[in-house]
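Colleague: Whatever this is, show me its structure:
(chains A and B)
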Amino acid sequence: MREEVQGILLRAVERVVREVDAGQLDQLPTLQLGSPKLPEHGDFASNAALGLAGPLRIPPREVAERIVRAIEDPEGLLDRVEIAGPGFVNFFLAQTRWHEVLTRVLRDAEQYGRSNAGGGEPTLVEFVSANPTGPLTIGHGRNAILGDCIARLLEATGSKVTREYYFNNAGRQMRILAESLRARYLQTLGESADLPEEGYQGSYLVETARDLVGEQSDSLRDAEWPVFQQAAEKAIFANIRSTLDRLGIRFDVFFNENSLYEGGLVEQALEDLRSAERVYEQDGAVWLRSTDAGFERDRVLVKSSGEPTYLLPDIAYHREKLRRGFQRLVDVLGADHLEQFPYVRAATAHLGFDADRIEAVYYQWVNLRRGSEVVKMSTRSGSFVTVDEVLDEVDVDVFRYFMVDRRADTHLDFDLALAHERSERNPVYKIQYAHARLCSIERLATERGATFPPPEEVPAQRLSLPEEIELIKSVGRFPEVVLRAARTREPYDVARYLLDLATEFHTYISDGRRHRVLADDPELQAARLALVRGIRIVLANGLGLLRIQAPERM
RNA sequence: GCGCUCGUAGCUCAGUUGGAUAGAGCACCAGGCUUCGAACCUGGGGGUCGCACGUUCGAGUCGUGCCGGGCGCGCCA
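Modeller: Predicted coordinates for the structure are as follows:
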């Protein structure tokens, strides 16, 4: 619909430019066709006249008049075109065009909103990627939901998505974890043992230790730490996977950082950077020459001790992902990666890949509150709130919605007190309730013997009230919303849209006198039932994109 | 000290990438269930869009400088 109006506008503008300026105006300002907030400003609005006024040296309103005169609309798409304000050109579509939109919604049904814009592009979405040192915290929860929703959005718009979890089960952190478990194990056996300095104090290790005693009794009393590492890792990973399960998230690949070392890929990445002359040695360390690429400073890749920093395997990993054939990499990262990631991207590009194919979605920290009290989180000190704990108290749907109820780049205040109380204030209920209400109307209609004609035979022209046309317009925007949310990697946009649509429906249906669906007039009833079904389809599809239930009854 | 990010109603946040009269939820006040679901709806009060310059037909949105919160950084994973 938008494209068609855009075409009409473009042709009109070209005609005006040609007649005024004999064609030397080679660069037309890009034409935007906005959706005005106020209905009296039409269905689409163009500011083309304001943009052209300067270059053409004609007052904006006169340009607008010329554009309107030059408009050709052989197919009768438009009802009328008006000039308003400083020179906006407002397009009013013929009502029958909106009726066709409803027909399309009904015809496409569960496919409505999906597209093939991505053209089957192999895309890897990497998210969560928590190391197995403890249960998933609420911060990981935000990552998990964001990543999963982004993956779903990309799938819905035609990308071929792989979900990947990257983790590291080596190094100092795991050693400390193992020592911590050993201490808990000995404690469980009744011996005195202290947690190591900086040990993991979370109670989850106590439980793991208890299980270990149950399985192995005291046979591990003198075991070396790797035994405990294995046990800890196994237990924690099982826990993480069960949490992901509760969230409804499934990964295609769990990628272990170790395999990069084992396959020599880290070494190879360093060598290749060396041959590309992107590194140098100084003070016994190997540095990435990043100031050349516009960065503030160079970064260390290999410390003077010979150990690589985090940066190097990260570079090797991203290169490997591209080598595996993915055309696009999307990483979901916490704000603590804001500084690091650009180097990964730049360095991977130095190895011969297009940096534009590598992108990160950053999300800001989750601030935990219990009422007005702020809860500080740290996995090591054991003061954190896990996803599991929250899921014990609140519905998964609420949790998922909560996590996308704010833009990723703003801090998210998660109030546990609010989450623990049954939280009827949560907007997700409003959306689900709208869906249940719509189902209920259709159910009742069926009970009363109403029939649903095929989409093409719906007497949609009977929907003539302004609020009904507005509802169809809202439903008609859905594919654009999905596409935009997928492109900006912002599931929030979908959540927001659904809430607006639900509210619009509630308002409509609350006025039972004017908007009675089941009425004596069978034609009007059929038309309104079609509208009801159209809204229901969109709410269900939208909730599906966020992997939130669309209940038929509540 | 440097970088990134945010600052909009009492609180939590939107604001369609520079458009027309800045919106919603919560909270507060006043209303609405004999008819398709009141987990909903209607109305009301509440704003120096952090501050100041600048860019232009037009700025909450872009630029610069301050102020304030968050995150990160000076061979630590």
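Colleague: With RNA strand B as the reference, measure out to residue A:204.
Modeller: Using CB to the nearest atom of the strand, to the nearest Å, residue A:204 is found at 19 Å from RNA strand B. Heads up, the C-betas are built off the backbone N, CA and C, glycines and all.
Colleague: So stretch A:525-538, near RNA strand B or not?
Modeller: No - Stretch A:525-538 lies apart from RNA strand B when judged by CB under 7 Å from any atom of the strand; the minimum separation is 7.6 Å.
Colleague: contacting residues around that stretch?
Modeller: With CB atoms under 8 Å, 6 or more residues apart in numbering as the test, stretch A:525-538 has contacts from A:102, A:105-106, A:109-110, A:112-113, A:434-435, A:438-439, A:441-442, A:445, A:450-453, A:455, A:458-463, A:468, A:471-472, A:475, A:478, A:501, A:505, A:515, A:517-519.
Colleague: Can I have the buried ones of the residues you listed as a ChimeraX selection?
Modeller: Selecting only the buried entries of the contacts of stretch A:525-538 in ChimeraX, with 16 or more other CB atoms under 10 Å as the criterion:
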select /A:102,105,106,112,113,434,435,438,439,441,442,445,455,458,460,462,463,468,471,472,475,478,501,505,515,517
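Colleague: near RNA strand B, which of the contacts of stretch A:525-538 show up?
Modeller: Counting by CB under 7 Å from any atom of the strand, A:439, A:441, A:515, A:517-518 from those sit close to RNA strand B.
Colleague: Quick check, the residue in the stretch 101-250 of chain A closest to RNA strand B?
Modeller: Nearest residue of the stretch 101-250 of chain A to RNA strand B, counting by CB to the nearest atom of the strand: residue A:171, 4.0 Å away.
Colleague: Report pLDDT for that residue.
Modeller: Predicted confidence (pLDDT) for residue A:171: 79.
Colleague: ok, how many other residues are close to it?
Modeller: Residue A:171: 13 surrounding residues under other CB atoms under 10 Å.
Colleague: ok, it to residue A:461 distance?
Modeller: According to CB to CB, to the nearest Å, residue A:171 stands 69 Å off from residue A:461.
Colleague: same deal with residue A:104?
Modeller: The gap separating residue A:104 from residue A:461 is 15 Å, by CB to CB.
Colleague: just to revisit the earlier point, from the contacts of stretch A:525-538, which land in strands?
Modeller: Within the contacts of stretch A:525-538, no residue falls in strands by DSSP state E.
Colleague: where does chain A dip in pLDDT?
Modeller: Low-confidence segments of chain A, defined by pLDDT under 70: A:21-30, A:293-294, A:296, A:370-384, A:418-425.
Colleague: what about the most far-flung residue of it relative to its centre, is that helix, strand or coil?
Modeller: The C-alpha centroid of chain A is most remote from residue A:191, which lies 49.2 Å away (CA atoms, centre = their mean). Classification of residue A:191 using DSSP: H, G, I helix; E, B strand; the rest coil returns coil.
Colleague: mind checking the SS state of residue A:208?
Modeller: What three-state DSSP gives for residue A:208 is helix.
Colleague: mind listing what it touches?
Modeller: Applying CB under 8 Å, 6+ apart, we find residue A:208 in contact with A:181, A:184, A:231-232, A:235-236.
Colleague: and the stretch 401-550 of chain A, which of its residues are near RNA strand B?
Modeller: Within the stretch 401-550 of chain A, the positions adjacent to RNA strand B are A:406-407, A:409-413, A:424-425, A:427, A:429-430, A:433, A:436-437, A:439-441, A:444, A:484, A:488, A:492-493, A:496, A:503, A:506-507, A:509-513, A:515-518 by CB under 7 Å from any atom of the strand.
Colleague: now those residues: which count as buried?
Modeller: Neighbour-count burial (16+ other CB under 10 Å) applied to these gives A:406, A:412, A:427, A:429, A:436-437, A:439, A:441, A:484, A:492-493, A:496, A:509, A:515, A:517.
Colleague: from those, which is closest to residue A:57?
Modeller: Nearest to residue A:57 among those, counting by CB to CB, is residue A:484 at 35.5 Å.
Colleague: Wait, that closest one touches residue A:494, no?
Modeller: No - taking contacts as CB atoms under 8 Å, residue A:484 lies outside contact range of residue A:494: 9.3 Å.
Colleague: Domain map for chain A?
Modeller: Taking automatic domain parsing as the criterion, chain A consists of the domains A:2-93, A:172-236, A:423-545.
Colleague: returning to that earlier point: just the buried ones among the residues of the stretch 401-550 of chain A next to RNA strand B: which are in helices?
Modeller: Secondary structure defined by DSSP state H assigns A:427, A:429, A:436-437, A:439, A:441, A:484, A:492-493, A:496, A:509 of those to helices.
Colleague: how about those residues, which pair is most distant?
Modeller: Distance extremes for these: the farthest pair is A:441 and A:484 at 29.9 Å, using CB to CB.
Colleague: And residue A:73, how close does it get to RNA strand B?
Modeller: 19 Å.
Colleague: what residues are up against that residue?
Modeller: Neighbour list for residue A:73: residue A:8 [criterion: CB under 8 Å, 6+ apart].
Colleague: quick one, phi psi at it?
Modeller: Phi and psi for residue A:73, reported as degrees, to the nearest 10, are phi -140, psi 70.
Colleague: now swap in the one 10 residues further on and tell me
Modeller: Backbone torsions for residue A:83, taken as degrees, to the nearest 10, come to phi -110, psi 140.
Colleague: what does the stretch 251-400 of chain A have sitting close to RNA strand B?
Modeller: Applying CB under 7 Å from any atom of the strand, we find that the stretch 251-400 of chain A lies next to RNA strand B at A:283-285, A:296, A:300, A:303-305, A:307, A:309-310, A:335-336, A:338-340, A:364-365.
Colleague: doesn't residue A:79 fall inside a helix?
Modeller: No - assigned with three-state DSSP, residue A:79 falls outside any helix and is strand.
Colleague: ok, of the ones in helices among the buried ones among the residues of the stretch 401-550 of chain A next to RNA strand B, which one's closest to residue A:5?
Modeller: Nearest to residue A:5 out of those is residue A:484 (CB to CB; 17.8 Å).
Colleague: Now for the residue lying closest to the closest one once chain neighbours are set aside: which residues touch it?
Modeller: Take residue A:484 and drop its neighbours on the chain: the residue closest to it by CB to CB, 6 or more residues apart in numbering is residue A:493, 6.1 Å away. Counting by CB under 8 Å, 6+ apart, residue A:493 touches A:481, A:484-485.
Colleague: Okay then, goodbye and thanks.
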